[in-house]
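# quick one: sequence plus predicted model below, questions after.
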Amino acid sequence: MEDLSLHILDIVENSIRAGASKIKILILEDIKANLLLLEICDNGKGMDEEMVKRACDPFYTTKSVRRVGLGLPLLAQTARECGGDLEIKTGQGKGSRVTARFQYDHIDRKPMGDIEKTMTVLIVSHPDIDFILEHKKGNSSYTLDTGDLKRQLDGIPINNPEVIKFIKNDINSWLNNVDSMIE
């Protein structure tokens, strides 16, 4: 995978296949602590102990259409190559939390990628799921909660083109402003 946003997309798609109706994505960029943290939490069906043990094995998958599952193994490898790690917390019927830590300034750390596009693809493709994106960088933070937004829209579909345009602009505005403040 070329960037971290694609890893996020892959892990979120796993959450969706696990029956999640609410998925939280946390991106924490702590430059002072030299830490980039990605965390995806869901309320899906979770995994049993055996599944967790095998989750980072590229030749294990719960998918019936393919015999390999590369998402978690690739994310784990990417994190380890950048002085970090991958942790999975889950329980059968309790949802899952996947946390990847990276050394922020590691030369091999992949770029963040297009978070705006990742989020809009997820929202357009899965309007029935509530997504929460929380992105913290330095002393700034951004939150997008599609559950709250749906309530405010009062019946207008979340994947309405005008709503998606608003979401894209909102995410990009924050990303552009936070990057200019930190540089």
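Received, thanks.
# now tell me which helix or strand of the protein has the poorest mean pLDDT.
Using mean pLDDT, DSSP states H and E, the weakest-scoring helix or strand in the chain turns out to be helix 49-54, at a mean of 72.
# how many residues are close by Asn169?
Neighbour count for Asn169, taken as other Cβ atoms under 10 Å: 11. Bear in mind the C-beta positions are built from the backbone N, C-alpha and C, glycine included.
# which helix or strand contains it?
Take DSSP states H and E as the rule and Asn169 turns out to sit in helix 161-182.
# buried stuff in the least confident helix or strand of the chain?
By neighbour count on 16 or more other Cβ atoms under 10 Å, the buried set for helix 49-54 is Val52.
# ditto for stretch 14-25
Neighbour-count burial for stretch 14-25 flags Asn14, Ser15, Ile16, Ala18, Ala20, Lys22, Ile23, Lys24, Ile25 (criterion: 16+ other Cβ under 10 Å).
# pull the contacting residues for the closest residue to the fourth one other than its chain neighbours.
Same thing as Ala18. In space, and not counting its chain neighbours, Ala18 is closest to Gly44: 3.2 Å by Cβ to Cβ, 6 or more residues apart in numbering. By Cβ atoms under 8 Å, 6 or more residues apart in numbering, the contact list for Gly44 reads Ser15, Ile16, Arg17, Ala18, Gly19, Ala20, Gly95, Ser96.
# okay, the residue lying closest to the last one once chain neighbours are set aside: pLDDT?
The shortest distance from Ser96 to any residue that is not its chain neighbour, by Cβ to Cβ, 6+ apart, is 3.9 Å, and that residue is Thr90. With respect to pLDDT, Thr90 has a value of 89.
# tell me if I'm right that Thr90 and Lys53 touch.
No: checked against Cβ atoms under 8 Å, the pair Thr90 and Lys53 is beyond contact range at 11.4 Å.
# Asp30: what's it in contact with?
Leu36, Leu37, Tyr104, Lys136.
# report the beta-bridge partners for it.
Asp30 has the following beta-bridge partners by DSSP bridges: Leu35.
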